[in-house]
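Asker: Okay, sequence plus prediction incoming.
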Amino acid sequence: MPYTEVTFLIEPVDPWRDLLMTELADIGYDSFEEGPDNPKGGGELKGYVRSDRFDAKALRQLLSLRDPHVQVTWQEREIADRNWNAEWESSFQPVEVGRSVRIRADFHAPAEGFMHELVITPRMAFGTGHHATTRMMVQAMLDLDLRDKDVCDLGCGTGVLAILAERMGARHCDAFDIDPGAVDNAIDNVARNGCSRIHCAVGVADALEGRQYDLILANIERNVLLDAMPILSAAMRPGAALFLSGFVVTDRHMLAQRAREHGLELAERLDEGDWALLGCRQPLNSTQG
(Lines give C-alpha, C1' and ligand atoms only; values in the text may rest on other atoms or scores of the structure.)
Protein backbone atom coordinates (compact mmCIF):
# COMPACT_ATOMS: atom_id res chain seq x y z
CA MET A 1 0.00 0.00 0.00
CA PRO A 2 1.54 3.34 -1.03
CA TYR A 3 1.80 6.11 1.55
CA THR A 4 1.65 9.88 1.36
CA GLU A 5 4.31 11.83 3.22
CA VAL A 6 3.25 15.29 4.38
CA THR A 7 6.02 17.64 5.53
CA PHE A 8 4.96 20.44 7.88
CA LEU A 9 7.05 23.50 8.75
CA ILE A 10 5.85 24.87 12.09
CA GLU A 11 6.69 28.13 13.87
CA PRO A 12 6.80 28.16 16.85
CA VAL A 13 7.35 24.45 17.23
CA ASP A 14 6.25 24.17 20.91
CA PRO A 15 3.61 23.11 21.73
CA TRP A 16 2.21 23.07 18.22
CA ARG A 17 4.16 20.11 16.82
CA ASP A 18 2.79 17.77 19.51
CA LEU A 19 -0.72 19.16 19.12
CA LEU A 20 -0.57 18.73 15.35
CA MET A 21 0.70 15.15 15.78
CA THR A 22 -2.29 14.36 17.99
CA GLU A 23 -4.77 15.80 15.48
CA LEU A 24 -3.12 13.97 12.58
CA ALA A 25 -3.39 10.66 14.43
CA ASP A 26 -7.12 11.29 14.80
CA ILE A 27 -7.54 11.48 11.00
CA GLY A 28 -5.55 8.37 10.14
CA TYR A 29 -1.87 9.31 10.20
CA ASP A 30 0.01 6.38 11.72
CA SER A 31 3.69 7.36 11.72
CA PHE A 32 5.66 10.53 12.36
CA GLU A 33 9.20 11.84 12.11
CA GLU A 34 10.28 15.01 13.90
CA GLY A 35 12.70 17.06 11.83
CA PRO A 36 15.34 19.53 12.96
CA ASP A 37 14.42 22.74 14.80
CA ASN A 38 15.76 26.10 13.70
CA PRO A 39 17.20 28.96 15.82
CA LYS A 40 14.01 31.00 15.34
CA GLY A 41 11.93 28.46 17.25
CA GLY A 42 10.43 26.68 14.27
CA GLY A 43 10.65 23.03 13.38
CA GLU A 44 9.60 20.25 11.05
CA LEU A 45 7.20 17.32 11.29
CA LYS A 46 6.68 14.59 8.72
CA GLY A 47 3.42 12.68 8.91
CA TYR A 48 2.61 9.49 7.00
CA VAL A 49 -0.82 8.31 5.96
CA ARG A 50 -2.03 5.63 3.56
CA SER A 51 -2.54 7.35 0.23
CA ASP A 52 -6.16 6.21 0.02
CA ARG A 53 -6.77 8.03 3.33
CA PHE A 54 -5.03 11.29 2.44
CA ASP A 55 -7.54 14.15 2.59
CA ALA A 56 -6.28 17.68 1.97
CA LYS A 57 -9.64 19.17 3.01
CA ALA A 58 -9.49 17.40 6.38
CA LEU A 59 -5.95 18.74 6.86
CA ARG A 60 -7.05 22.31 6.33
CA GLN A 61 -9.73 21.90 9.02
CA LEU A 62 -7.26 20.98 11.79
CA LEU A 63 -7.25 23.48 14.65
CA SER A 64 -3.46 23.52 14.89
CA LEU A 65 -3.23 24.64 11.26
CA ARG A 66 -5.81 27.42 11.69
CA ASP A 67 -4.81 28.86 15.06
CA PRO A 68 -3.56 32.48 14.69
CA HIS A 69 -0.71 31.85 17.15
CA VAL A 70 1.12 29.45 14.85
CA GLN A 71 2.32 29.49 11.24
CA VAL A 72 2.27 26.19 9.40
CA THR A 73 3.04 25.37 5.77
CA TRP A 74 2.90 21.88 4.31
CA GLN A 75 3.50 19.88 1.14
CA GLU A 76 2.80 16.27 0.29
CA ARG A 77 4.35 13.56 -1.88
CA GLU A 78 3.54 9.91 -2.46
CA ILE A 79 6.24 7.43 -1.51
CA ALA A 80 6.80 3.72 -1.96
CA ASP A 81 5.52 1.28 0.65
CA ARG A 82 7.72 0.58 3.67
CA ASN A 83 7.59 -1.66 6.74
CA TRP A 84 6.31 1.06 9.05
CA ASN A 85 5.93 -1.03 12.20
CA ALA A 86 9.46 -2.40 11.87
CA GLU A 87 10.90 1.09 11.47
CA TRP A 88 8.89 2.47 14.42
CA GLU A 89 9.83 -0.43 16.68
CA SER A 90 13.51 -0.05 15.90
CA SER A 91 13.48 3.47 17.38
CA PHE A 92 11.46 2.57 20.50
CA GLN A 93 13.49 2.83 23.70
CA PRO A 94 12.45 1.89 27.26
CA VAL A 95 10.90 4.67 29.35
CA GLU A 96 11.69 5.03 33.04
CA VAL A 97 9.72 7.08 35.58
CA GLY A 98 12.17 7.33 38.47
CA ARG A 99 12.95 3.90 39.85
CA SER A 100 9.27 3.04 40.18
CA VAL A 101 8.10 2.28 36.64
CA ARG A 102 9.88 1.01 33.53
CA ILE A 103 7.98 0.68 30.26
CA ARG A 104 9.66 -1.48 27.63
CA ALA A 105 8.87 -3.48 24.51
CA ASP A 106 9.04 -7.27 24.47
CA PHE A 107 12.27 -7.12 22.46
CA HIS A 108 14.06 -5.25 25.28
CA ALA A 109 15.78 -7.12 28.08
CA PRO A 110 14.21 -6.89 31.58
CA ALA A 111 15.89 -4.62 34.15
CA GLU A 112 16.12 -5.03 37.89
CA GLY A 113 15.41 -2.39 40.53
CA PHE A 114 12.00 -1.16 39.36
CA MET A 115 8.79 -1.53 41.33
CA HIS A 116 6.77 -2.09 38.14
CA GLU A 117 8.03 -3.15 34.72
CA LEU A 118 5.40 -3.01 31.98
CA VAL A 119 5.81 -4.65 28.56
CA ILE A 120 4.06 -2.70 25.81
CA THR A 121 4.13 -3.68 22.15
CA PRO A 122 4.66 -0.42 20.24
CA ARG A 123 2.21 -0.18 17.38
CA MET A 124 2.45 3.53 16.74
CA ALA A 125 -0.34 4.25 19.25
CA PHE A 126 -0.05 6.89 21.96
CA GLY A 127 0.53 5.59 25.44
CA THR A 128 3.98 4.01 25.30
CA GLY A 129 5.22 6.40 27.96
CA HIS A 130 7.26 8.50 25.57
CA HIS A 131 4.77 11.35 25.56
CA ALA A 132 5.00 13.82 28.43
CA THR A 133 1.30 13.46 29.27
CA THR A 134 1.60 9.70 29.79
CA ARG A 135 4.64 10.11 32.02
CA MET A 136 2.85 12.70 34.16
CA MET A 137 -0.13 10.38 34.51
CA VAL A 138 2.19 7.63 35.74
CA GLN A 139 3.86 10.03 38.17
CA ALA A 140 0.50 11.17 39.59
CA MET A 141 -0.79 7.59 39.92
CA LEU A 142 2.23 6.54 41.97
CA ASP A 143 1.16 8.84 44.80
CA LEU A 144 -2.19 7.02 45.22
CA ASP A 145 -3.15 3.83 47.02
CA LEU A 146 -5.10 1.87 44.39
CA ARG A 147 -5.56 -1.33 46.36
CA ASP A 148 -9.14 -2.62 45.89
CA LYS A 149 -10.08 0.51 43.91
CA ASP A 150 -12.14 0.76 40.69
CA VAL A 151 -10.37 2.68 37.92
CA CYS A 152 -11.30 4.01 34.48
CA ASP A 153 -8.73 4.78 31.78
CA LEU A 154 -10.51 6.97 29.22
CA GLY A 155 -8.51 7.28 26.00
CA CYS A 156 -6.45 4.25 26.96
CA GLY A 157 -4.22 4.01 23.86
CA THR A 158 -1.93 1.03 24.43
CA GLY A 159 -3.51 0.36 27.84
CA VAL A 160 -0.37 1.22 29.76
CA LEU A 161 -2.12 3.20 32.51
CA ALA A 162 -4.75 0.53 33.04
CA ILE A 163 -2.01 -2.10 33.31
CA LEU A 164 -0.18 0.02 35.86
CA ALA A 165 -3.41 0.45 37.83
CA GLU A 166 -3.84 -3.32 38.12
CA ARG A 167 -0.19 -3.72 39.09
CA MET A 168 -0.82 -1.18 41.86
CA GLY A 169 -3.66 -3.31 43.23
CA ALA A 170 -6.78 -1.97 41.50
CA ARG A 171 -9.79 -4.25 41.86
CA HIS A 172 -11.08 -3.51 38.34
CA CYS A 173 -10.23 -1.16 35.48
CA ASP A 174 -12.31 -0.16 32.47
CA ALA A 175 -10.16 0.94 29.52
CA PHE A 176 -11.98 2.85 26.76
CA ASP A 177 -10.70 4.33 23.52
CA ILE A 178 -12.45 5.77 20.49
CA ASP A 179 -10.00 3.98 18.14
CA PRO A 180 -10.74 0.25 17.61
CA GLY A 181 -7.09 -0.30 16.65
CA ALA A 182 -5.94 1.13 19.98
CA VAL A 183 -8.39 -1.12 21.84
CA ASP A 184 -7.08 -4.20 20.02
CA ASN A 185 -3.54 -3.16 20.95
CA ALA A 186 -4.59 -2.60 24.58
CA ILE A 187 -6.18 -6.06 24.73
CA ASP A 188 -2.92 -7.61 23.48
CA ASN A 189 -0.87 -5.66 26.01
CA VAL A 190 -3.20 -6.55 28.88
CA ALA A 191 -2.71 -10.25 28.07
CA ARG A 192 1.04 -9.81 27.63
CA ASN A 193 1.31 -8.36 31.13
CA GLY A 194 -0.76 -11.13 32.68
CA CYS A 195 -3.57 -8.80 33.75
CA SER A 196 -7.00 -10.24 34.53
CA ARG A 197 -8.98 -7.33 35.98
CA ILE A 198 -9.02 -4.97 32.96
CA HIS A 199 -11.94 -4.64 30.53
CA CYS A 200 -11.05 -2.98 27.21
CA ALA A 201 -13.73 -1.62 24.90
CA VAL A 202 -14.38 0.98 22.22
CA GLY A 203 -16.00 3.97 23.87
CA VAL A 204 -16.04 7.69 24.63
CA ALA A 205 -17.02 9.56 27.78
CA ASP A 206 -20.63 8.43 27.47
CA ALA A 207 -19.46 4.92 28.39
CA LEU A 208 -18.97 6.13 31.98
CA GLU A 209 -22.65 6.98 32.49
CA GLY A 210 -24.13 4.91 35.30
CA ARG A 211 -20.71 3.73 36.49
CA GLN A 212 -18.75 4.71 39.61
CA TYR A 213 -14.98 4.87 40.04
CA ASP A 214 -12.36 5.69 42.65
CA LEU A 215 -9.95 7.00 39.98
CA ILE A 216 -10.55 8.27 36.45
CA LEU A 217 -7.63 8.82 34.10
CA ALA A 218 -8.47 11.03 31.10
CA ASN A 219 -5.49 11.76 28.87
CA ILE A 220 -7.30 13.20 25.87
CA GLU A 221 -7.82 16.47 24.02
CA ARG A 222 -8.78 19.68 25.87
CA ASN A 223 -12.17 20.29 24.26
CA VAL A 224 -13.21 16.69 24.82
CA LEU A 225 -12.29 17.04 28.50
CA LEU A 226 -14.28 20.25 28.83
CA ASP A 227 -17.37 18.67 27.23
CA ALA A 228 -17.02 15.47 29.26
CA MET A 229 -16.64 17.11 32.68
CA PRO A 230 -20.29 16.56 33.74
CA ILE A 231 -20.01 12.83 32.96
CA LEU A 232 -16.59 12.50 34.57
CA SER A 233 -17.64 14.20 37.81
CA ALA A 234 -20.86 12.17 38.02
CA ALA A 235 -18.85 8.94 37.69
CA MET A 236 -16.64 9.77 40.70
CA ARG A 237 -17.37 8.29 44.10
CA PRO A 238 -16.97 10.58 47.13
CA GLY A 239 -13.23 11.08 47.64
CA ALA A 240 -12.42 9.83 44.12
CA ALA A 241 -9.55 11.26 42.06
CA LEU A 242 -9.64 12.52 38.47
CA PHE A 243 -6.41 13.07 36.52
CA LEU A 244 -6.73 15.20 33.39
CA SER A 245 -4.01 15.62 30.77
CA GLY A 246 -3.58 16.01 27.03
CA PHE A 247 -3.59 19.82 27.11
CA VAL A 248 -0.97 22.57 27.40
CA VAL A 249 -0.10 24.62 30.48
CA THR A 250 -1.82 27.76 29.22
CA ASP A 251 -5.15 25.89 28.98
CA ARG A 252 -5.12 24.48 32.50
CA HIS A 253 -7.17 27.35 33.89
CA MET A 254 -10.03 26.38 31.56
CA LEU A 255 -10.07 22.80 32.89
CA ALA A 256 -9.76 24.06 36.47
CA GLN A 257 -12.74 26.37 36.08
CA ARG A 258 -14.88 23.64 34.54
CA ALA A 259 -13.91 21.18 37.27
CA ARG A 260 -14.89 23.67 39.99
CA GLU A 261 -18.22 24.31 38.23
CA HIS A 262 -19.01 20.63 38.72
CA GLY A 263 -18.11 20.59 42.39
CA LEU A 264 -14.60 19.17 42.15
CA GLU A 265 -11.68 20.26 44.32
CA LEU A 266 -8.35 21.00 42.63
CA ALA A 267 -5.30 19.02 43.67
CA GLU A 268 -2.23 17.99 41.61
CA ARG A 269 -0.61 20.31 39.08
CA LEU A 270 2.25 18.84 37.04
CA ASP A 271 4.09 20.29 34.04
CA GLU A 272 6.53 18.80 31.57
CA GLY A 273 7.61 21.25 28.91
CA ASP A 274 4.43 22.84 27.55
CA TRP A 275 2.23 19.92 28.62
CA ALA A 276 0.17 19.91 31.81
CA LEU A 277 -1.70 17.63 34.21
CA LEU A 278 -4.50 18.65 36.56
CA GLY A 279 -5.66 16.43 39.41
CA CYS A 280 -9.11 16.86 40.98
CA ARG A 281 -11.02 15.27 43.85
CA GLN A 282 -14.68 14.60 44.49
CA PRO A 283 -15.41 15.93 48.01
CA LEU A 284 -16.05 13.22 50.61
CA ASN A 285 -19.44 14.75 51.39
CA SER A 286 -20.48 14.81 47.73
CA THR A 287 -23.87 13.40 46.72
CA GLN A 288 -22.78 12.94 43.07
CA GLY A 289 -23.70 9.66 41.44
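Answerer: Arrived safely.

Asker: quick one: the residue nearest to residue 106 when sequence neighbours are not counted from residue 67, how far?
Answerer: Spatial nearest neighbour of residue 106, excluding adjacent residues (Cβ to Cβ, 6 or more residues apart in numbering): residue 119 at 5.3 Å. For glycine as for every other residue, the C-beta is placed from the backbone atoms N, C-alpha and C. Residue 119 sits 38 Å away from residue 67, going by Cβ to Cβ, to the nearest Å.

Asker: higher neighbour count, the two?
Answerer: A count of neighbours by other Cβ atoms under 10 Å puts residue 119 above the other of residue 119 and residue 67, at 18 against 13.

Asker: Tell me which residues touch that one, please.
Answerer: 104-106, 189, 192-193 (Cβ atoms under 8 Å, 6 or more residues apart in numbering).

Asker: Out of those residues, which sit inside strands?
Answerer: residue 104 (DSSP state E).

Asker: if we take the contacts of residue 119, which one ends up nearest to residue 94?
Answerer: Distance ranking of the contacts of residue 119 against residue 94, using Cβ to Cβ, places residue 104 first at 4.0 Å.

Asker: what's the neighbour count on the nearest residue to the closest one once chain neighbours are set aside?
Answerer: Excluding the flanking residues, the one nearest residue 104 by Cβ to Cβ, 6+ apart is residue 94, at 4.0 Å. For residue 94, the neighbour count with other Cβ under 10 Å is 19.

Asker: again, but for residue 111
Answerer: For residue 111, using other Cβ under 10 Å, the count is 11.

Asker: Could you confirm it falls within a strand?
Answerer: No - counting by DSSP: H, G, I helix; E, B strand; the rest coil, one finds residue 111 to be coil, located in no strand.

Asker: burial count for the closest residue in space to it that isn't next to it in sequence?
Answerer: Leaving aside its chain neighbours, residue 111 sits nearest to residue 102 (5.8 Å; criterion: Cβ to Cβ, 6+ apart). Using other Cβ under 10 Å, residue 102 has 22 neighbouring residues.

Asker: Same check on residue 112?
Answerer: There are 6 residues near residue 112, going by other Cβ under 10 Å.

Asker: got it, and residue 107?
Answerer: For residue 107, using other Cβ under 10 Å, the count is 11.
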